[in-house]
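Asker: need coordinates for the below:
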Amino acid sequence: MTPATLLTTGLGASLAAEQKSAEVTDWAARVGWLVGLALFVALVYWLMREGWKWRGTLQGDLPELSAAPEEPGEARLTMSGRYHGSTTAGQWLDRIVAHGLGTRSRVELTLTDAGLDVVRPGAADFFVPREVLREARLDKGIAGKVLTEGGLLIVTWAHGERLIDSGFRSDHAAEHNEWVEAINSMINKTETEGAR
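Answerer: I've put the predicted structure just below:
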């Protein structure tokens, strides 16, 4: 090694040995900031939870959800996927949380002659009778979930005095068009029979 290399190496080693972190001298201030930050996060979480509960209270006039009939009939279509929540029809950001409709979950959908059976493991199941189904369409978003155009199956149905949009996403998105056609043809058939 050349003398210049030895000098550079020795100088670099001595500088590295001298660099040390400054000692923490004010532990009370650091602990105070950490406790303050933890309290702030807890407050924000508590406010979000209270807002969710308040929304449920405001929607308390929503009737209980229907249960599946004893004999729903033969399954026309079945689908596995995700339930992304329900909103007031036409207002994709106005989430409905009453009766567990705001809780996301896995879902097993079954379309029968009696209606739409929504089975949600870990959340409240519900049934949408054929008579209250209003429309099925493909859309890109519902409260808290936005996808590409046509990424969500939206089913509009009447419950009490409200129209509700419920959003579903199949594990196989190619199934969505078949569901839209089947539900809409079932609704149109019901309306045609009712007009006679």
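Asker: for the residue nearest to the spatial centre of the chain, helix, strand, or coil?
Answerer: By C-alpha atoms, centre = their mean, the chain has its centre lying nearest to His84, at 3.7 Å. Using DSSP: H, G, I helix; E, B strand; the rest coil, the secondary structure recorded for His84 is strand.
Asker: so for the longest helix seen in the chain, mean pLDDT?
Answerer: The single longest helix within the chain, with elements called by DSSP state H, is helix 27-58. Mean pLDDT, helix 27-58: 90.
Asker: how far is it from where the chain is centred?
Answerer: Remark: helix 27-58 is offset 22 Å from the chain centroid, using C-alpha atoms, centre = their mean, to the nearest Å.
Asker: circling back: so the residue nearest to the centre of the chain touches Gly167, yeah?
Answerer: Yes: between His84 and Gly167 a contact is recorded at 4.1 Å, counting by C-beta atoms under 8 Å. For every residue, glycine as well, the C-beta is placed using N, CA and C.
Asker: what is in contact with those two at once?
Answerer: Shared contacts of His84 and Gly167, defined by C-beta atoms under 8 Å, 6 or more residues apart in numbering, are found at 142, 145, 152.
Asker: turn these into CSV, including pLDDT.
Answerer: As requested, the shared contacts of His84 and Gly167 are arranged in CSV below (pLDDT from 0 to 100):
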residue, pLDDT
Ile142, 85
Lys145, 78
Leu152, 92
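Asker: Throw those residues into a markdown table and include distance to Ser105, thanks.
Answerer: A markdown table is the format used below for the shared contacts of His84 and Gly167 (distance: C-beta to C-beta, whole Å):
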| residue | distance to Ser105 |
| --- | --- |
| Ile142 | 14 |
| Lys145 | 13 |
| Leu152 | 15 |
